[in-house]
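S.K.: Quick one, what's the 3D model for this:
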Amino acid sequence: MNCAELMKIDVECCREEDSVERVAERMLARNIGFIPVCNDDGVVVGTLTDRDLAVRVLAHHLPAHRTTASEVMTRDVIACQPDDELSVAEELMSKYKKSRILCTDNHGRAIGIISLSDIAKIERNGRASAILRSVAQREAQY
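M.R.: Got it, this is the predicted structure:
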């Protein structure tokens, strides 16, 4: 199976200059916890998660209406391509301790997202639990 067969294609992006308050409102409205941050050309330059907002904004008492996505986003973008085998996405998720991974086109624009829960829905041989153990190692550090 390739990544295109599993990825969600309705990708919600935000812009670098969006306030994190606005990003959180979009997360709430869409019931999502992960948003790619894109530049004016639509290229992914970072990501924001609901955990990022809690740890980097709320815990530091930053004003959400004045703090921008670019100030608190994760800049290391981990991504696969739609034609990659799903195993490529799984390996990246495990290696980088990510529970979600972007699928980007050749120009770095977000075209899909694969989450650990997506893999768990189709798994037949314990792949999701192996990835979860790897991601959980990151969580145990905190």
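
S.K.: drop to CA atoms for contacts and neighbour counts, all remaining ones
M.R.: OK.

S.K.: mind listing what the residue nearest to residue 67 when sequence neighbours are not counted touches?
M.R.: Of all residues not flanking residue 67 in the chain, residue 19 sits nearest, at 5.4 Å (CA to CA, 6 or more residues apart in numbering). Residues in contact with residue 19, defined by CA atoms under 8 Å, 6 or more residues apart in numbering, are 64, 65, 66, 67, 68, 69.

S.K.: Over to residue 108?
M.R.: For residue 108, the contacting residues are 42, 43, 44, by CA under 8 Å, 6+ apart.

S.K.: Next, it: phi, psi?
M.R.: phi 90, psi 20 (degrees, to the nearest 10).

S.K.: quick one, strands of this structure?
M.R.: 14-15, 34-38, 44-49, 79-80, 100-104, 110-115 (DSSP state E).

S.K.: Output those in CSV, with mean pLDDT, mean neighbour count and distance to residue 91 appended to each entry.
M.R.: Shown next, in CSV, are these (pLDDT from 0 to 100; neighbours: other CA atoms under 10 Å; distance: least, CA to CA, whole Å):
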stretch, mean pLDDT, mean neighbour count, distance to residue 91
strand 14-15, 97, 22, 27
strand 34-38, 97, 25, 20
strand 44-49, 97, 22, 19
strand 79-80, 97, 23, 10
strand 100-104, 96, 23, 11
strand 110-115, 96, 22, 13
